[in-house]
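S.K.: need a structure here:
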Amino acid sequence: MAIREKAKKLEQTLRTLEKKYSRTVLPEGDTLLEKFVFYLLFYGNHVTNAKKAVKALTDPDVFGDWNEVRVATVRELEDTLTEHRVEQPSVFAARLKKFLQYVFEELDDTALESVATLKPEKAKKFLAQLEGLPPWAPTYLLCALDMESMVPWDPHTERVAQRPRIVDPAAPLAQRKKVLRAALQSVGEPDEDPLRLHHLFVEHGKKTCHEEDPKCLKCPLADDCDWHQRRSRGGSRTKASGNGVEPPAKRK
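M.R.: Okay, here's the model as predicted:
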């Protein structure tokens, strides 16, 4: 499939997912840090709970500002997250405090926007050293700072891109990433936003396109999903393997 065809398929996919999940899953907040914390919470939680938790963390009557969040105790952060039904609140509270402390020590501030003033290589090195974050988080922040055009590559994004064959699951990882970026850039404005794609793919992966037992009958992409069509022809015995690639047939 040529890039032009992949871009057309990707554009329709994005429009369908945005219609299903609306814009509520897209990055929110007045600052990059606020948007990023929302993203970290949203990744493993219901979007409503993530929004409420961020609102509480930024409420002047609760903590005041992000620096106050930084110096708060893990227990105080955990209590706030628990109140808004965030999963594994103790784990996230400890990671958030550690992350904010590292940013403050390196930048003398909790604002992430100043990373944009660093040279690209230094910015990448700084973000790569952030502790307690998923491996695709540095790419996410570089995209938010307009210093990167590659889509953050996590299991949800990979699975949702592979199953309808927007990318070839058999291709090397570096090639899959480049193909998805090329297809996205071919879509054109205002849709060629890697973070918009990433948020929509993550939400679809969380709610519908699961690694195991995906909800294909409720999926708005099922009719145009190569993986679903092959799975349907193979019957219920066809199982997902890895991030959506069917396992090789057993030898008789």
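
S.K.: any low-confidence regions in the protein?
M.R.: For the chain, the stretches with pLDDT under 70 are 190-191, 234-252.

S.K.: list the buried ones in the host helix or strand of residue 43?
M.R.: Residue 43 is located in helix 32-44, with elements delineated by DSSP states H and E. For helix 32-44, burial by neighbour count (16 or more other Cβ atoms under 10 Å) applies to 32-43. Just so you know, the C-beta spots here come from the backbone N, C-alpha and C atoms, and that holds for glycine as well.

S.K.: For residue 76, see how far away the closest residue in space to residue 62 that isn't next to it in sequence is.
M.R.: Distances taken as Cβ to Cβ, 6 or more residues apart in numbering put residue 56 closest to residue 62, at 5.5 Å, once the chain neighbours are dropped. From residue 56 across to residue 76, the span is 11 Å (Cβ to Cβ, to the nearest Å).

S.K.: Look up the residues that both of the two are in contact with.
M.R.: With contacts defined as Cβ atoms under 8 Å, 6 or more residues apart in numbering, no residue is shared by residue 56 and residue 76.

S.K.: Domain boundaries for the protein, per the record?
M.R.: 3-22+152-232, 32-111 (automatic domain parsing).

S.K.: Next, format these as JSON lines and append distance to residue 124.
M.R.: Shown next, in JSON lines, are these (distance: least, Cβ to Cβ, whole Å):
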{"stretch": "domain 3-22+152-232", "distance to residue 124": "14"}
{"stretch": "domain 32-111", "distance to residue 124": "14"}
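
S.K.: Out of those, the one nearest residue 136 is which?
M.R.: In terms of Cβ to Cβ, the element of the domains of the chain nearest to residue 136 is domain 3-22+152-232, at 4.2 Å.

S.K.: Off-centre distance for the closest one?
M.R.: 12 Å (Cα atoms, centre = their mean, to the nearest Å).

S.K.: can you check stretch 92-107 too?
M.R.: Here stretch 92-107 is found 20 Å from its chain centre; the criterion is Cα atoms, centre = their mean.

S.K.: do stretch 105-121 as well
M.R.: Stretch 105-121 sits 22 Å away from the centroid of its parent chain (Cα atoms, centre = their mean).
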